[in-house]
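Enquirer: following is a predicted model, sequence given first.
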Amino acid sequence: MENQNLVKEICPTTTQEWVKSGALLVDVREKDEVRELAYDVPNIINIPLSEFEERFNEIPKDKDVVMVCKGGGRSLRAAGFLVNHGYDKVVNMQHGIARWVQKDFPIKGNTSIVSGSDSCCSTSGCC
């Protein structure tokens, strides 16, 4: 995976707004992780990072795309990959499903796998 400097990042609250506007979420967690706990949103596909380079063409270039994962690191790598392959409507969701769960946003599955403290909000502007 390549340079990630050009990737815009948004928080889970902003992601909710994007979802309501029809954005596609792309979850890059592995399939077993998604079986345990999944984002419950209407437009979502799962392309595990381990398969990403072979399957990224499944993501439409003409649609707003939010990359997601458990903590925001893997999705940032995947978002950087997309930007470097001509995608200009892609952003990364910071803090991943861990923050999503803390915000009580819709999920399916067992939230105990992401429980614990997350000190992501040490910077201003984090939602």
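Expert: Noted; the coordinates are in hand. Numbering: from 1, shown residues only.

Enquirer: what residues are bridge-paired with the residue positioned nearest the centre of the chain?
Expert: Ranked by distance to the mean C-alpha position of the chain (CA atoms, centre = their mean), the top residue is Val68 at 1.0 Å. Counting by DSSP bridges, Val68 forms beta bridges with Asp27.

Enquirer: next, count neighbours for the spatially closest residue to Ala98 that is not a sequence neighbour.
Expert: Take Ala98 and drop its neighbours on the chain: the residue closest to it by CB to CB, 6 or more residues apart in numbering is Val114, 4.3 Å away. To be clear about C-beta, it is placed using only N, CA and C from the backbone, and glycine gets the same treatment. Residues lying near Val114 (other CB atoms under 10 Å) number 21.

Enquirer: what separation do you get for Val114 and Lys63?
Expert: Distance, Val114 to Lys63, by CB to CB, to the nearest Å: 27 Å.

Enquirer: now Asp32
Expert: 27 Å.

Enquirer: again, but for Asp88
Expert: 11 Å.

Enquirer: more crowded one of these two?
Expert: Taking neighbours as other CB under 10 Å, Asp88 and Lys63 compare with Lys63 leading, 13 against 9.

Enquirer: check that one and give its pLDDT.
Expert: With respect to pLDDT, Lys63 has a value of 96.

Enquirer: do the same with the one 5 residues further on
Expert: pLDDT, Val68: 98.

Enquirer: please name the nearest non-neighbouring residue to Ile45.
Expert: Ile45's closest residue in space is Val26 (CB to CB, 6+ apart), at 5.7 Å.

Enquirer: show the pLDDT at that neighbour.
Expert: pLDDT at Val26 comes out at 98.

Enquirer: my guess is it meets Val65, correct?
Expert: Yes - in this structure Val26 lies within contact range of Val65 using CB atoms under 8 Å: 5.9 Å.

Enquirer: find residues that contact each of the two.
Expert: Counting by CB atoms under 8 Å, 6 or more residues apart in numbering, the common neighbours of Val26 and Val65 are Ile59.

Enquirer: from the chain's centroid, how far away is the longest helix belonging to the chain?
Expert: Determined from DSSP state H, the single longest helix within the chain is helix 73-83. The chain centre lies 9 Å from the centre of helix 73-83; the measure is CA atoms, centre = their mean, to the nearest Å.

Enquirer: many thanks, we can stop here.
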